[in-house]
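Engineer: Here is my input, please return the structure:
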Amino acid sequence: MPKARRAVLMKHSPHSESTYVFYNKDGSRLRDIRGSYNKAVKASGLDHMTFHSLRHTYASLLVMKGRDLPTVQQLLGHADIKTTMRYAHLAPDHLRLAVEDFSFDPEE
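Structural biologist: Numbering: from 1, shown residues only. The predicted model follows:
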């Protein structure tokens, strides 16, 4: 687990009667994270987002941070790298920056 995420979880205030990190108002185990996600998406007006969008975003962010596709493939648990390639969408600015980074300056 990344150190930053661990730090956030350590600051999370536990429910007085629950042993769970993520819980309902009464302290019982949170079982429907997808439902909670869908409610948040609806409230935000981002109707095109699905729970599965989180996997695509994770893969894209990993690639944009320089992680190679075989590593992303393993993290997502894909048997075929072609599946990983469909997940790893790059932001348009990321592509533009890659071209700019590669530009040739004869005076350098």
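
Engineer: Go ahead and name everything in contact with stretch 88-96.
Structural biologist: For stretch 88-96, the external contacting residues (CB atoms under 8 Å, 6 or more residues apart in numbering) are 56, 59-60, 62-64, 69, 72. C-beta coordinates here come from the backbone N, C-alpha and C atoms, glycine included.

Engineer: Can you tell me which of those residues are buried?
Structural biologist: Among those, the ones that count as buried by 16 or more other CB atoms under 10 Å are 59-60, 62-64, 69, 72.

Engineer: Residue 43 - that's part of a strand, no?
Structural biologist: No: looking at residue 43 with DSSP: H, G, I helix; E, B strand; the rest coil, it is helix, so not inside a strand.

Engineer: on that earlier part again, now intersect the buried ones among the contacts of stretch 88-96 with the helices, please.
Structural biologist: With helices defined by DSSP state H, the entries of the buried ones among the contacts of stretch 88-96 inside them are 59-60, 62-64, 69, 72.

Engineer: Restrict the worst-scoring helix or strand of the chain on mean pLDDT to CA atoms and write it as CSV.
Structural biologist: Within the chain, no helix or strand scores below helix 92-101, which has a mean of 75 by mean pLDDT, DSSP states H and E. Only the C-alpha atoms of helix 92-101 are listed here, as CSV (Å, rounded to 0.1, in the frame of the first residue of the first chain):
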residue,chain,number,x,y,z
PRO,A,92,-4.4,14.4,-25.2
ASP,A,93,-2.1,16.7,-23.2
HIS,A,94,0.1,13.7,-22.4
LEU,A,95,0.6,12.9,-26.1
ARG,A,96,1.3,16.6,-26.9
LEU,A,97,4.0,16.7,-24.1
ALA,A,98,5.6,13.5,-25.4
VAL,A,99,6.0,15.1,-28.8
GLU,A,100,7.4,18.3,-27.3
ASP,A,101,9.9,16.4,-25.2
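
Engineer: start the count at 43, not 1, going forward
Structural biologist: I'll keep to 43 as the first residue from here, and by that count the last item is helix 134-143.
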